[in-house]
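> Coordinates for the following, if possible.
(chains A, B, C and D)
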Number of protein chains: 2
Amino acid sequence: MKTSESFIPIYFKLAEDIKQQVFSGKLKPGDMLPTEAQLCSQYGISRMTARQGLKLLVDEGMVESFRGKGSFVAQPKFNQLMLELPDSHFHLQENASVQLLGVDIIPADSTVASVLKLKTNSKVIRIKKLYLTENEPVALDTRYIIYHRRQPVVENEINYAAFPKEVARHTGVALIRNQVTFSAVPLDKNLAQQLGTTEGKPALQIEQLVFGGQEQPLGWSIIICNGEKYRMNAITKTYI
Amino acid sequence: MKTSESFIPIYFKLAEDIKQQVFSGKLKPGDMLPTEAQLCSQYGISRMTARQGLKLLVDEGMVESFRGKGSFVAQPKFNQLMLELPDSHFHLQENASVQLLGVDIIPADSTVASVLKLKTNSKVIRIKKLYLTENEPVALDTRYIIYHRRQPVVENEINYAAFPKEVARHTGVALIRNQVTFSAVPLDKNLAQQLGTTEGKPALQIEQLVFGGQEQPLGWSIIICNGEKYRMNAITKTYI
DNA sequence: CAGTGGTCTAGACCACTTA
DNA sequence: AAGTGGTCTAGACCACTGA
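Below is the predicted model of the structure:
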């Protein structure tokens, strides 16, 4: 019985059925689901298959299971959501493009050195990019990566790589943590000019600090987005 | 053989082993993992158990499997990250508090009516809150929820509820999608005054639009954060 | 064609919870 | 003690890939 044409796995069907019951209100947060044994007999399936269906719901956060007790509709969690940073989703948009302004190997000034915990004048790679929509500049991206490997720096790929990935490539370090901070800042004269707007206008600042295994900073990225032209969207994670 | 004391499931061990090989560089993105059959004989386990271990890695995004081809170490994806919105994490912070400015049932003006797809003058619930850090205002939260149930509006809970959850409570609708937009905007005179700053200063605007099952808007929330005092942090999702 | 992962079965023993 | 979910087995057929 395991297959049928226009194939939908049984466990998937089971998960959809339960979802429907939640959406329709037949099952509410806190309610207990049928036991695995009950689902087996209801659907005429084996226990592993029933569990596979439940696992889907558990992974989505819609259901929680407790050994010895049962499976229950979870309380919805709304505060967490997924979002995509501009550095990698930008080139997927219509009318959007990325312009590489420059790649240099420079001595770190005091600010960069302090953030990356380097001595002043240590060598860092600086990459500057401009994001454009309909040929108008909307965001400026400046990245600093500590320099200790001779890697080919300029590639086409560089236009599209997410920052932590880029850091991993250049430093050769694998285990990485990415810390991101959002804030609203006024544009200074210099930035305003590059973004084709005026000083003091609000900008969305997205700062990324990438850490290697021993919590040592490996890279620093600041994206400045013209507040009048750029908005960042996020996707809901949860179901209800 | 399925249990031992200080119990660690075999499938978990298997996943950890593979992770180690990725972190140590023995396996690199793009490399093929041992086939399921190989893992079975290597570990002396059945195929379902091996698959359960691989599933862990697939769920984490570290491994991708392709029918007929094999399982491979995935390219790390860094662009997606989790973040928490201020409306629910605020009260967890040190020195932070929430002040309820008011709850009213008002007729929707043309803006609100348009966003929520209501007729002008339809009744909506408006909730205004002020977020404070060290007794200084840092963010202003205005929420509009369509009114069609008599629910107790003012509760202690309201200070801490995430917006979509609140909407669900008041409208009685279960299936919900939350669409969030971030942008940087200049403060107008009125808002600047409420946040104790001056007109034109940048603010981080977090706009949430909550939809019910048939894509009908149920609630609208705008959080305006003083750019000089508020920053939003996000957590890395991915592994490498 | 042989090899891969995807689905599924019909059992089993276990740890834990509740009564 | 009975019921629950967690782990595990030793098979099976399938769809898909690549030589």
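
> what's the burial count for residue A:62?
A total of 21 residues lie near residue A:62 under the criterion other C-beta atoms under 10 Å in any protein chain shown. Glycine gets a C-beta too; all of them are placed from N, C-alpha and C.

> surely it meets residue A:19?
Yes. Counting by C-beta atoms under 8 Å, residue A:19 is a contact partner of residue A:62 at 6.9 Å.

> And the helices in chain A, which stretches?
Using DSSP state H, the helices of chain A run over A:10-23, A:36-43, A:47-60, A:86-89, A:110-115, A:163-171, A:189-194.

> How far away from the center of its chain is the last one?
With C-alpha atoms, centre = their mean, to the nearest Å as the basis, the distance from the averaged C-alpha position of helix A:189-194 to the chain average is 28 Å.

> Convert that helix to PDB, retaining C-alpha atoms only.
The C-alpha coordinates for helix A:189-194 follow below in PDB (Å, rounded to 0.1, in the frame of the first residue of the first chain):
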ATOM      1  CA  LYS A 189      27.700  64.000   4.100                       C
ATOM      2  CA  ASN A 190      29.900  61.400   2.500                       C
ATOM      3  CA  LEU A 191      27.500  58.500   2.600                       C
ATOM      4  CA  ALA A 192      24.600  60.800   1.500                       C
ATOM      5  CA  GLN A 193      26.500  61.800  -1.500                       C
ATOM      6  CA  GLN A 194      27.200  58.200  -2.500                       C
END
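
> in that helix, what counts as buried?
If you call a residue buried by 16 or more other C-beta atoms under 10 Å in any protein chain shown, then helix A:189-194 has these buried ones: A:191, A:192, A:194.

> Mind putting the residues you listed into a markdown table with distance to residue B:96 and pLDDT?
A markdown table is the format used below for the buried residues of helix A:189-194 (distance: C-beta to C-beta, whole Å; pLDDT from 0 to 100):
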| residue | distance to residue B:96 | pLDDT |
| --- | --- | --- |
| A:191 | 31 | 93 |
| A:192 | 33 | 94 |
| A:194 | 36 | 92 |
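
> what is the residue nearest to the spatial centre of chain A paired to in the beta sheet?
By C-alpha atoms, centre = their mean, chain A has its centre lying nearest to residue A:84, at 4.5 Å. Residue A:84 has the following beta-bridge partners by DSSP bridges: residue B:80.

> quick one: it from residue A:219, how far?
If you measure residue A:84 against residue A:219 using C-beta to C-beta, to the nearest Å, the figure is 19 Å.

> And residue A:12, by the same measure?
41 Å.

> Who has more neighbours out of the two?
residue A:219 (28 against 13).

> Write out the residues of chain A neighbouring DNA strand D.
For chain A, the contact set with DNA strand D under C-beta under 7 Å from any atom of the strand comprises A:2-3, A:7, A:33, A:35-38, A:47-48, A:51, A:54, A:65-71.

> Which of these are buried? Put it as a ChimeraX command.
Only the buried members of these end up in this ChimeraX selection, burial being decided by 16+ other C-beta under 10 Å:
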select /A:33,36,51,54,65,71
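
> give me the beta-bridge partners of residue A:234?
Beta-bridge partners, per DSSP bridges, of residue A:234: residue A:83, residue B:180.

> My error: substitute residue A:133 in the last question.
With beta bridges defined as DSSP bridges, residue A:133 has these partners: residue A:96, residue A:136.

> Chain A - how does it break down into domains?
The record's domain parsing of chain A by automatic domain parsing lists A:10-73, A:82-236.

> any chance of those domains in TSV, plus distance to residue B:42?
Output for the domains of chain A, formatted as TSV (distance: least, C-beta to C-beta, whole Å):
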stretch	distance to residue B:42
domain A:10-73	22
domain A:82-236	24
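
> and these, which one's lowest on average pLDDT?
The minimum mean pLDDT among those belongs to domain A:82-236 (a mean of 82).

> starting at the chain centroid, how far to it?
From the chain centre to the centre of domain A:82-236 is a distance of 15 Å (C-alpha atoms, centre = their mean).
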